[in-house]
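Peer 1: Structure, please.
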Amino acid sequence: MNPPQMKNLTLLLLLLLLFSLHLTSVLSWKKDEFRNCNQTPFCKRARSRKPAPSSLIATHVSLSDGELVAKITNRRDDQIKPLILSLSAYQDGILRLKIDEDPSSIPPPPKKRFEVPDVVVPEFASKKLWLQKLDTKTLDGDSSPSSIVYLNEEYDAVLRHEPFEIYVRDKSSGKRVISLNSHGLFDFEQLKHKKPKSDQEEEKHDHDQYQDDDQDHDQEQVKEEKDEDEDWAERFRSHTDSRPYGPQSISFDVSFYGADFVYGIPERATSFALKPTRGPGLEDHSEPYRLFNLDVFEYVHDAPFGLYGSIPFMISHGKSHGTSGFFWLNAAEMQIDVLTAGWDADSGISLPSDRSRIDTLWMSEAGIVDAFFFVGPKPKDVVRQYTSVTGTPAMPQLFATAYHQCRWNYRDEEDVENVDAKFDENNIPYDVLWLDIEHTDGKRYFTWDRAMFPHPEEMQNKLAAKGRHMVTIVDPHTKRDDGYFLHKEATQKGYYVKDANGNDFDGWCWPGSSSYPDTLNPEIRSWWADRFSYENYVGSTPSLYIWNDMNEPSVFNGPELTMPRDALHYGGVEHRELHNVYGYYFHMATADGLQKRGNGKDRPFVLSRAIFAGSQRHGAIWTGDNTAEWEHLRVSVPMILSLGLTGISFSGADVGGFFGNPEPELLVRWYQVGAFYPFFRAHAHHDTKRREPWLFGERNTELIRDAIHVRYMLLPYFYTLFREANTSGVPVVRPLWMEFPSEEATFNNDEAFMVGNSILVQGIYTERVKHASVYLPGKQSWYDLRTGTTYKGGMTHKLDISEDSIPAFQRAGTIIPRKDRFRRSSTQMVNDPYTLVIALNSSQAAEGELYVDDGKSFDFKNGAYIHRRFVFADGKLTSVNLAPTSPGNSRFSTSSVVERIILLGNASGPKRAHIESTNLNVDIELGPLWLQRGRGSGVVTIRKPGVRIADDWTIKIL
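Peer 2: Predicted coordinates:
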């Protein structure tokens, strides 16, 4: 065997070894593959500090460029260089705090610390309130002055000078809402130069001479020398990452007042309300919530361990204050403790105790303090405030809100054709068929395996003829193959992330030896976007969309299966500083590419696994590699609720579980819950048995078909909710307390959820269940979504459970738009008539909305849409236009009409209805609530009123 063959064989064996190790981790999540807090130096240091009055003081407080500016100094150590602080106020009660090193200090910092770009939306700057005067005075109970910053008519912000503290308070009562550094835990490790060895030796010699007089200090000296060594490198298992600027972590405490629970900081598989991680009554080794994007195979449920995405945004909610939020714009690894009451008992610190309070500790490896305080006070206020900073969710295409069918992998074009035909044969609608990594030529993205997929354009066009679409996968790891066009061009242009020595970073992933585009660089993002043109992505068509996986980034032979922290990005930024935002920029570039290929007319659809704050602007996400277990079905709900609360409205979990083989009952229950996920996709690992909906017997096929049909019937309602999210940030799927903020029974309920403001869904998470307890909040009634049966609000009901469905209810006082005709795809439903389901409250009133546009373009931004409000009151149903009518706006029209109007809870027994616009009377009859199989007892139905959804009209019940 010649040397080149030996080299190739060695590389092949190494690749197989790495893959076997990686796949072994698939079979069982290995906790020791990943760091805990004690193995993470900055976390261990921050957790070791005790609460105490702060030694920091704010000096040189003044106004500059409409902001409060100050210096933060340490009164106990004047050798520590001051930090610079700015406080700025924005419309809607938002406070922004920035703290950084002072570039004018002597000596200056060795480099500029990383500030995360392109997350705060550009229009947010225009909402800044320019502060005109500085109000500085000594507040009651304080011995030093404070400076007060105006936020709005109800709230202001206070900078306490000594000790340094910041808090937001209610003006009228003086009660606090959120505070920072109330427990004196603020710490900011400043960058430093590594001194030459000669200087180190001289310092060591002087130290040794000093220590000679007291040999008892030898052990302490050894420890100091070891700590000094750890300043410049950190080790985990077999990996060592250099730290050329020494430790640079930041930590501080944040307190939420009037809070009963805190939520958010996804992504993790745990309860919706965040459990405490430190304090009395908890084990000493309990872990903080970790925010560090990682490729975690077969993750465990009910753990604080971070998964594929990181959004450092926390929301508090309680009965006494309401809702508030705190967001730290920082892309480095973060760890967050939620502390139990009494954790600060020995601190000597006295804080207001008239209301409940939750204290938290925030710790990050690098970056700056760039923090936002949101005062609320209502749940939807906080979400609106947060998305005014990071952007509202993108408006998806209509097809993307329907059902998706995926597997790793559909083998070839014949497999695709057969699966597509089977959906039609079994009368099951679907909109998207997905292809995983095996469709490519040797894991080279933007290519096709021409043996298995010889005619990709024809394959896509066949699906498109039925109104269907295809999604292919494009990951960031680029195969290092000199014959691969993408690698060749990226290498020539210098577009890859570099290692610590300045060479193209070389890691291992699915293709073997791989490099990664440096998408922090706007030029490289633009280049990457161009790869999606029809000319560059040969075989792609307008009906093809994209899936970004492994973009944490995943590196099989890297520390914790990711990129080393000392890898280098554009502008000399270390990977440790931006790790959590790498996938965000990759997602952004891919979405930009799909938009560019359609000349800006086509809304992109890109699914991403890695996320950061602002990912909602670029597409959908899913919760990663879950397992076919009941507990994973259950935990999918709090995961999706947490994502929605933090801006990521378009999310879902793999229906059926990615790993393992679900029993038929579990699969059916998962479809029944998944039909209400914002993103509804079934997906499975290639080692699992095939699990298309028709493979589990006739009865289970019927049940799955029924669940998917429910989603398609409710598509008009879902699409309207996606538009609400796009304009306000309010999530499609939301916690009960977002709609019922004063009901304490909802605060810790994460088994049930609201779809919009009208539908409550209670999942079934245990096998062979015959009964379930469901809490229905509010003072008004609820109507069973399937039967129309009425249930009283404000109490728990014990319900009989059948295999047919899970408990779901329509809220009294709401109107839901549906489409009841069954088609092959959502595209074929566009011109179908509507059904309006009116659930009357105790006042015999209800209202709801419907939003319609062309379902694909950006014309809606120019006013090309229909937005109606339906109001039922005093025996009349009225359709009111909510869309602007200013001249110059684009127009959207449809011939769709209302085919049925269903009245639930009508007390008068009506016989006829009068349509005022046409002066016609139509009969009222009893009909089924659901047309399929005539389901449900007879309900009051107005058939074929024939009114157009685009018009103003009134229908009077006679």
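Peer 1: From here on, just use CA atoms for contacts and neighbour counts.
Peer 2: Fine.
Peer 1: Can you verify my assumption that residue 854 contacts residue 863?
Peer 2: No: with contact defined as C-alpha atoms under 8 Å, residue 854 does not count as touching residue 863 (11.4 Å).
Peer 1: residue contacts, residue 672?
Peer 2: Residues near residue 672 by C-alpha atoms under 8 Å, 6 or more residues apart in numbering: 704, 707-708, 763, 805-806.
Peer 1: Looking at these, which is nearest residue 68?
Peer 2: Taking C-alpha to C-alpha as the measure, residue 68 lies nearest residue 763 of the contacts of residue 672, at 49.3 Å.
Peer 1: Run through the residues that contact that closest one.
Peer 2: 634, 669, 672-673, 751-752, 806-807.
Peer 1: Regarding residue 366, which helix or strand does it belong to?
Peer 2: Secondary structure assignment for residue 366, by DSSP states H and E: no helix or strand.
Peer 1: got it, and the one 10 residues further on?
Peer 2: Counting by DSSP H and E, there is no helix or strand that carries residue 376.
Peer 1: Also residue 523?
Peer 2: Element membership for residue 523 (DSSP H and E) is helix 522-530.
Peer 1: what mean pLDDT would you report for that helix?
Peer 2: What helix 522-530 shows for mean pLDDT is 98.
Peer 1: Next, the buried residues of that helix.
Peer 2: 524-530 (16 or more other C-alpha atoms under 10 Å).
Peer 1: Residue ranges in the stretch 801-950 of the chain under the pLDDT threshold?
Peer 2: For the stretch 801-950 of the chain, the stretches with pLDDT under 70 are 886-888, 933-937.
Peer 1: Tell me which stretches of it form strands.
Peer 2: In the stretch 801-950 of the chain, the strands defined using DSSP state E, counting those that start in this stretch lie at 808-811, 814-818, 834-839, 846-852, 866-873, 876-881, 898-904, 912-915, 920-927, 939-943.
Peer 1: Those strands into JSON lines, with extra columns for mean neighbour count?
Peer 2: As requested, those are arranged in JSON lines below (neighbours: other C-alpha atoms under 10 Å):
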{"stretch": "strand 808-811", "mean neighbour count": "26"}
{"stretch": "strand 814-818", "mean neighbour count": "24"}
{"stretch": "strand 834-839", "mean neighbour count": "24"}
{"stretch": "strand 846-852", "mean neighbour count": "22"}
{"stretch": "strand 866-873", "mean neighbour count": "21"}
{"stretch": "strand 876-881", "mean neighbour count": "19"}
{"stretch": "strand 898-904", "mean neighbour count": "21"}
{"stretch": "strand 912-915", "mean neighbour count": "18"}
{"stretch": "strand 920-927", "mean neighbour count": "16"}
{"stretch": "strand 939-943", "mean neighbour count": "22"}
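Peer 1: can you redo those strands as JSON lines with distance to residue 497?
Peer 2: Rendered in JSON lines, the data for those read as follows (distance: least, C-alpha to C-alpha, whole Å):
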{"stretch": "strand 808-811", "distance to residue 497": "49"}
{"stretch": "strand 814-818", "distance to residue 497": "49"}
{"stretch": "strand 834-839", "distance to residue 497": "52"}
{"stretch": "strand 846-852", "distance to residue 497": "43"}
{"stretch": "strand 866-873", "distance to residue 497": "46"}
{"stretch": "strand 876-881", "distance to residue 497": "52"}
{"stretch": "strand 898-904", "distance to residue 497": "56"}
{"stretch": "strand 912-915", "distance to residue 497": "66"}
{"stretch": "strand 920-927", "distance to residue 497": "64"}
{"stretch": "strand 939-943", "distance to residue 497": "63"}
